[in-house]
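In: sharing a model prediction with you, sequence too.
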Amino acid sequence: MNDWIRVFDAANSLEAHALKGALESRGIDVRLKGEALSGALGELPMDVAQITLLVSAGNWQQAREFVQHYQHKEDGSWFCRACGEENDVSFEICWQCGSGPEGPE
């Protein structure tokens, strides 16, 4: 893993896999480090059980920009213009109909 660089430390497996999927959908390969430690929760300190997202050096800048955008999203929610469903800010598309925050794609 020498050519793989840390881009983010996820708080848990759910966050790690959500970010991994989002990055992979943008054509960025991601490896997870520390995922096997999640089975030891309760026996290890929480900060030890973090899951690190690694990307190749060539994709680090693009991945870092995406992660920074993810980290700086405001708390709250948004309403889908297509169906009116309320979505958590962590959703990039409506969970109900699949439209983006600006309406159908």
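Out: Great, that's in hand.

In: when you work out contacts or count neighbours from here on, use the C-alpha atoms and nothing else.
Out: Fine.

In: any idea how far residue 24 lies from residue 78?
Out: Here residue 24 is placed at a distance of 24 Å from residue 78 (CA to CA, to the nearest Å).

In: of these two, which one has the most company?
Out: In terms of neighbours (other CA atoms under 10 Å), residue 78 is the more surrounded of residue 24 and residue 78; the figures are 17 against 13.

In: so the more buried one is in which element?
Out: Residue 78 belongs to strand 77-79 when elements are defined using DSSP states H and E.

In: for residue 63, same thing?
Out: Using DSSP H and E, residue 63 sits within helix 60-71.

In: show me what that helix is packed against.
Out: Packing partners of helix 60-71 (3 or more CA pairs under 8 Å, 6 or more residues apart in numbering; DSSP states H and E): strand 4-10.

In: put the alpha carbons of the strand it packs on into CSV.
Out: Output in CSV follows, covering the C-alpha atoms of strand 4-10 (Å, rounded to 0.1, in the frame of the first residue of the first chain):
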residue,chain,number,x,y,z
TRP,A,4,-2.0,4.7,-1.4
ILE,A,5,-2.5,7.8,0.6
ARG,A,6,-4.8,8.5,3.5
VAL,A,7,-7.6,10.8,2.5
PHE,A,8,-10.1,10.5,5.4
ASP,A,9,-10.6,8.7,8.7
ALA,A,10,-14.2,7.6,9.0
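
In: tell me the mean pLDDT over the helix or strand following it?
Out: Beyond strand 4-10 on the C-terminal side, the first helix or strand identified by DSSP H and E is helix 13-24. Helix 13-24 shows an average pLDDT of 91 in the prediction.

In: much appreciated, bye for now.
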